[in-house]
Structures are given as C-alpha cells and as structure tokens.
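# All I have is the shape, not the residue letters:
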C-alpha cells in the first residue's frame with residue numbers, strides 16, 4: 001500500500017507564526033516489521049545534487065543524508081534526544097555536562113560506542129569528531145550552513161579514542177543539536193579547505209557511517225542505497241531491517257502522483273497540495289500529511305536608519321504599534337485560504353510538538369477592534385485619506401518577499417488587503 005507524504009511549509013508573521021511546524025495528528029501508524037530484508041522504493045520529484053550535511057540544505061538530499069551519516073545524538077519520533085554514535089546522552093543529571101557559574105562556561109563530555117567503523121572498515125574515533133569541528137569553524141571552508149554553536153567551542157580535549165570533552169566559552173543550551181553528522185578524517189583530510197565544498201566526494205559519498213551506503217546513483221533517475229554492514233557495530237548491534245532503499249526521481253509532481261497511484265513506489269514524498277487534492281486514503285493508499293519543525297514569518301526591519309527610507313523604523317521604541325499590527329492580521333483566515341486548514345496557527349516560534357517548551361495557554365487572537373484602540377491610544381490618528389499618521393509620519397511601509405513563490409506572493413497580497 002503506497003504511502004503519500006506531504007510536507008507543509010507553514011508561514012508566520014513577525015514571529016507571530018501563521019502556522020507552526022508542529023506535526024498534525026494522523027491516523028497512519030506504521031506496522032511492526034514482519035520480517036528482515038526487502039527493498040523500499042521511495043519516490044520524489046526533486047533530484048538531490050549534493051549529499052553534504054555541512055553545505056547542503058536541499059530537502060531531498062537531507063532525507064538521504066539521514067541514512068548515510070550518523071551523529072553523536074539523534075532525536076526520536078517524540079523529539080527526545082537518544083544516543084546515536086555515543087553511549088549515552090550527556091546531561092547535567094548524569095554529570096557529563098558541567099556548568100561553571102563563575103565564568104559562564106560549560107563543558108560537555110561524550111563517550112563513543114566501542115568498535116565503531118566507517119563503511120570502509122576504518123575505525124570511527126574521537127579524532128573524526130575533532131576533525132569535523134575544525135572543518136566547520138575553519139574560515140577557509142566556505143558555505144557551512146549552521147556554524148552557530150561550534151564557534152562557541154573553545155577547544156576539544158580528547159581523553160582517548162572514545163572519550164572527549166567539548167569546552168564552551170559560554171553556556172550553550174543547544175549543545176545536543178551539534179554534530180548531527182560526523183565526517184571521515186581519513187577520507188577528507190587530504191582535501192584543501194578551499195576545495196572541500198565543491199569536492200566530488202559530496203556528489204557520491206563513498207565513506208559513510210549511517211545504516212545505508214550508496215551502491216548506484218543515476219542523476220535525475222534513481223539512487224540505490226544498500227545496507228551498511230559496519231553500522232551494526234554501533235547502536236547496540238542493531239542493523240537495518242531492509243536490504244536496500246531505492247529513491248526514484250520523477251521530473252514533476254504529477255508523474256510522481258501517478259506512479260504512487262499505480263503502485264510503482266511504496267512511498268511518495270513532498271507532494272504539493274494541488275497534487276494531493278486528487279488523492280485520498282483508501283485500502284490501496286494512505287495519504288499522510290506532516291509538518292516541519294520550522295515556520296515562515298514576516299519580520300519587521302529594525303535597521304536604523306532603514307536603508308530604503310533613510311529614516312528610523314516607524315516602530316522604533318513603539319511596542320504598541322507592533323502589537324496593533326499583530327492583532328490586525330487575520331492569521332486563521334490566511335491558514336484557511338492558503339493551507340486549507342491543514343496547518344496550525346502558531347502563537348509562538350516554539351512548535352507545539354516540543355511539549356516541554358510550548359505553552360498551549362498562550363493565544364494571540366485576531367482582534368481588529370483592539371488593534372484600532374491600540375493605535376488610537378498610541379497617537380496614530382486617521383487622516384482624511386484613511387491612512388494613520390503620528391508626529392508627521394504616515395503609517396506606511398514596504399512588504400518585501402522572495403521571487404518565485406506563489407504561496408508567499410499570495411499571502412503578501414492578502415496581508416496588504418487586510
């Protein structure tokens with residue numbers, strides 16, 4: 001039975017998200033594995049061009065990267081951290097994280113699982129972790145996606161081949177997000193930092209640490225992954241249930257939809273809403289929507305002076321104006337129109353799936369009358385042309401969005417109309 005998976009991009013306004021990336025409830029539950037072996041055929045309509053966890057942000061590539069690379073810690077289906085390459089998740093409670101209150105610094109100690117191996121049989125050790133860190137913070141390595149956090153590590157002490165300590169020059173709460181992939185020093189060390197981002201290695205990595213490795217790659221055609229037998233030496237000796245995973249690439253979403261309907265793929269990924277509209281769950285097919293742990297937003301430019309106007313922003317030292325603009329935006333209507341009620345209005349940048357951090361009692365409601373009262377009380381008076389002004393400045397500003405996005409363009413037009 002094919003599984004059709006859609007991934008919604010959920011917008012927001014001024015950190016006042018229109019929709020969060022909180023996963024939506026789904027009736028679909030995977031059945032327990034009944035046997036070992038077999039091949040899973042996955043369809044996508046976007047072709048990955050680069051398999052680099054450092055330099056690439058393509059969604060299709062990231063899905064493959066998750067099978068090719070292992071990290072220190074990963075997050076389970078409930079977004080809880082679990083040990084991946086390491087023996088346990090470091091915390092304050094187990095003593096692997098220490099916080100120096102006097103200096104405002106912290107240390108995090110990891111212990112790799114014993115006998116870890118790369119797919120070519122070479123040992124995976126703390127040297128590889130240190131090598132990965134040095135690449136990320138090296139200014140000669142251009143295009144690293146998320147260097148934040150790594151630059152806060154002042155040094156890494158290697159106690160032995162398995163145990164090492166990260167020394168942070170500040171308290172960094174997101175330390176578990178670091179090192180989602182570790183890179184092979186013995187394979188990449190000979191490549192100059194300047195050449196590393198464009199090296200052919202990333203087009204088809206031949207040394208990996210995850211549960212699968214690439215056996216065949218036809219650009220814009222298919223990618224065949226086979227079981228990485230050395231992976232069984234990590235993660236408590238478990239190995240992948242499947243023998244192989246095949247990613248089939250289709251030229252456009254409509255062809256992928258028809259392939260799923262015909263049973264040519266077991267899973268179809270990233271189908272947009274206009275393609276999903278013609279599909280529905282049945283005995284032969286399950287349609288599952290999922291959301292991302294991300295949100296889109298309109299951010300008010302705080303540059304002073306604003307490079308477009310040469311003046312200070314209208315909302316400088318004026319929180320009442322920002323509050324009024326937030327109340328005046330009908331975010332539920334935008335979610336209904338552009339996401340067909342398949343997204344959630346967000347009242348915080350924190351997704352509701354992160355239950356330990358999300359406050360369900362916070363609500364930012366649409367309140368046009370309240371917005372008018374805020375503006376009146378803040379000195380923004382309505383002129384004869386219907387435009388408010390204060391201290392000689394009209395309440396008027398430009399809304400800028402990316403080209404080539406019908407979704408963002410449509411939302412922008414509705415925001416202007418509101």
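Thanks, I have it. Since the model is a prediction, treat every value here as computed from it, not as a measurement.

# Surely residue 352 and residue 358 touch.
Yes. At 4.8 Å, residue 352 counts as touching residue 358 under the criterion of C-beta atoms under 8 Å. For glycine as for every other residue, the C-beta is placed from the backbone atoms N, C-alpha and C.

# pLDDT weak spots in the protein?
Residue ranges of the chain with pLDDT under 70: 1-35, 232-237, 274, 277, 280-283, 291-292, 294, 404.

# can you pull out the helices in the chain?
59-68, 126-137, 185-188, 253-261, 273-276, 319-328, 331-339, 368-377, 406-417 (DSSP state H).

# Show me what the fourth one is packed up against.
What it means is helix 253-261. strand 39-44, strand 267-268, helix 273-276 (3 or more C-beta pairs under 8 Å, 6 or more residues apart in numbering; DSSP states H and E).

# got it, and the fifth one?
Helix 273-276 makes packing contacts with strand 3-8, helix 253-261 when contacts are defined by 3+ C-beta pairs under 8 Å, 6+ apart.

# circling back to that earlier point, can you redo the helices and strands packed on helix 253-261 as CSV with distance to residue 313 and mean neighbour count?
Listed next are the helices and strands packed on helix 253-261 as CSV, based on distance: least, C-beta to C-beta, whole Å; neighbours: other C-beta atoms under 10 Å:
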stretch, distance to residue 313, mean neighbour count
strand 39-44, 42, 20
strand 267-268, 45, 24
helix 273-276, 35, 16
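
# just to revisit the earlier point, with distance to residue 86 as new columns, can the helices of the chain be given to me in a markdown table?
Compiled in a markdown table, those are given as follows (distance: least, C-beta to C-beta, whole Å):
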| stretch | distance to residue 86 |
| --- | --- |
| helix 59-68 | 17 |
| helix 126-137 | 10 |
| helix 185-188 | 18 |
| helix 253-261 | 37 |
| helix 273-276 | 39 |
| helix 319-328 | 42 |
| helix 331-339 | 38 |
| helix 368-377 | 50 |
| helix 406-417 | 40 |
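
# Of these, which is nearest residue 296?
helix 406-417 (7.5 Å; C-beta to C-beta).

# ok now the closest one, how far from the chain's centre?
With C-alpha atoms, centre = their mean, to the nearest Å as the basis, helix 406-417 stands 24 Å off its chain's centre.

# again, but for stretch 139-149
17 Å.

# From one end of that stretch to the other, what's the distance?
15 Å (C-alpha to C-alpha, to the nearest Å).

# which other residues reach it?
With C-beta atoms under 8 Å, 6 or more residues apart in numbering as the contact definition, stretch 139-149 has outside contacts at 54-57, 135-137, 172, 174-175, 177-178, 192-194, 196-197.

# In PyMOL, how would I select the buried members of those residues?
In PyMOL, this line selects whichever of those come out buried by 16 or more other C-beta atoms under 10 Å:
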select buried, resi 54+55+56+135+136+172+175+178+196+197
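
# before we move on, back to that, now distance to residue 212 too, for the helices and strands packed on helix 253-261, in a markdown table please.
Converted to a markdown table, the helices and strands packed on helix 253-261 look like this (distance: least, C-beta to C-beta, whole Å):
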| stretch | distance to residue 212 |
| --- | --- |
| strand 39-44 | 10 |
| strand 267-268 | 15 |
| helix 273-276 | 28 |
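
# closest one to residue 210 among the ones you listed?
Nearest of the helices and strands packed on helix 253-261 (C-beta to C-beta): strand 39-44, 15.1 Å.

# What pairs with that closest one, parallel or antiparallel?
strand 244-249 (parallel), strand 267-268 (parallel) (DSSP bridges).

# thinking again about what came up before, compare the helices of the chain and give me the one nearest residue 159.
Once these are compared by C-beta to C-beta, helix 126-137 is nearest, at 8.0 Å.

# for the closest one, the distance to its chain's centre please.
22 Å.

# buried stuff in that helix?
For helix 126-137, by 16+ other C-beta under 10 Å, it's 126, 128, 129, 130, 131, 132, 133, 135, 136.

# go on, stretch 188-206?
So for stretch 188-206, counting by 16+ other C-beta under 10 Å, buried means 188, 196, 197, 201, 202, 205.

# Show me what stretch 52-69 is in contact with.
With C-beta under 8 Å, 6+ apart as the criterion, stretch 52-69 contacts 7, 44, 46-51, 135-136, 141, 143-145, 180-183, 197, 202, 205, 208-214, 223, 225, 245, 247, 269-270.

# Of the residues you listed, select the buried ones using a PyMOL command.
Remark: buried members of the contacts of stretch 52-69, expressed as a PyMOL selection using 16+ other C-beta under 10 Å:
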select buried, resi 44+46+47+48+50+51+135+136+141+144+180+181+182+183+197+202+205+208+209+210+211+212+213+214+223+225+245+247+269+270
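
# In strands only, show me the contacts of stretch 52-69.
The strands, defined by DSSP state E, take in 7, 44, 212, 213, 214, 223, 225, 245, 247 from those.

# wait, the last one sits on residue 40?
No. No contact is recorded between residue 247 and residue 40 when judged using C-beta under 8 Å, the distance being 9.5 Å.

# and of the ones in strands among the contacts of stretch 52-69, the nearest to residue 157?
residue 213 (31.6 Å).

# Contacts only, for the closest one.
With C-beta under 8 Å, 6+ apart, residue 213 has these contacts: 68, 119, 205, 206, 225, 226, 228.

# Let me have these in CSV, adding distance to residue 364 as columns.
Shown next, in CSV, are those (distance: C-beta to C-beta, whole Å):
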residue, distance to residue 364
68, 40
119, 48
205, 44
206, 50
225, 44
226, 49
228, 47
